[in-house]
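A.B. asks: Fold the following and give me the result.
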Amino acid sequence: MRSELMDSFLAQTQDIVPTIGFSIEKFKTSRYLSFTVFDMSGQGRYRNLWEHYYKEGQAIIFVIDSSDKLRMVVAKEELDTLLNHPDVKHRRLPILFFANKMDLRDAISSVKVSQLLSLENIKDKPWHICASDALKGEGLQEGVDWLQDQIQATKT
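C.D. replies: Numbers count the residues shown, from 1 in each chain. Predicted structure coming up:
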């Protein structure tokens with residue numbers, strides 16, 4: 001099963017459900033850039049799988065449920081763990097944050113998400129946060145464009 005974010009990227013129309021386990025998808029965003037996305041799910045029992053993909057990764061996309069204020073602390077802890085992992089810590093990997101589910105009434109702004117995750121403390125990696133609504137595709141192109149620019153800049 002795919003996440004709603006990945007489905008929106010792939011422009012598929014189907015019932016969207018939360019990721020169970022993990023999935024791997026390949027897709028092109030332009031004629032110059034293709035992605036292999038490892039949708040690793042945020043479920044606790046799958047988080048230990050994330051680190052197996054850090055070494056080969058060229059970027060990180062971190063999706064936050066902006067309407068789930070209770071899990072924001074968990075997201076912050078997972079982000080800190082990721083940033084301190086030996087395969088990530090000393091690399092200048094770009095990190096794209098999607099403050100997702102902005103369509104929901106109780107969603108907090110991307111600025112507030114940024115504050116709660118202390119993104120201003122990330123000094124050694126380029127990062128960007130986009131407000132998004134993956135169901136409608138809003139905010140996704142902005143994020144992918146930024147990420148594409150960052151990845152191309154590291155290759156030159």
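
A.B. asks: Could you list the low-confidence segments of this structure?
C.D. replies: 1-22, 31-32, 38-48, 156 (pLDDT under 70).

A.B. asks: Could I get the full set of strands for it?
C.D. replies: With DSSP state E, the ranges of strands along the chain come out as 23-28, 34-39, 60-65, 95-100, 127-131.

A.B. asks: Highest mean neighbour count out of those?
C.D. replies: For these, the largest average neighbour count (mean count of other C-beta atoms under 10 Å) is found in strand 95-100, namely a mean of 25. C-beta coordinates here come from the backbone N, C-alpha and C atoms, glycine included.

A.B. asks: send the alpha carbons of that one over as CSV?
C.D. replies: Extracted in CSV, the C-alpha atoms of strand 95-100 (Å, rounded to 0.1, in the frame of the first residue of the first chain):
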residue,chain,number,x,y,z
ILE,A,95,16.1,17.4,3.8
LEU,A,96,12.6,18.2,2.5
PHE,A,97,9.9,18.4,5.1
PHE,A,98,6.2,18.2,4.2
ALA,A,99,3.9,19.6,6.8
ASN,A,100,1.1,17.4,5.4
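
A.B. asks: Paired strands for that strand, with orientation please.
C.D. replies: Partner strands for strand 95-100, per DSSP bridges, with pairing direction: strand 60-65 (parallel), strand 127-131 (parallel).

A.B. asks: could the ones you listed go into CSV alongside distance to Gly143?
C.D. replies: Shown next, in CSV, are those (distance: least, C-beta to C-beta, whole Å):
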stretch, distance to Gly143
strand 60-65, 8
strand 127-131, 4
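
A.B. asks: before we move on, the earlier item: Lys76: which of the strands of the chain is closest?
C.D. replies: The closest of the strands of the chain to Lys76 is strand 60-65. By C-beta to C-beta, the value is 9.5 Å.

A.B. asks: Show me how far the closest one is from its chain's centre.
C.D. replies: 3 Å (C-alpha atoms, centre = their mean, to the nearest Å).

A.B. asks: that older thread, looking at the strands of the chain, spot the one closest to Tyr54.
C.D. replies: strand 60-65 (8.4 Å).

A.B. asks: what does the closest one rub up against?
C.D. replies: Applying C-beta atoms under 8 Å, 6 or more residues apart in numbering, the contact partners of strand 60-65 are 3, 5, 37, 42, 71-72, 75, 79, 82, 88, 93-101, 113, 117, 143, 147.
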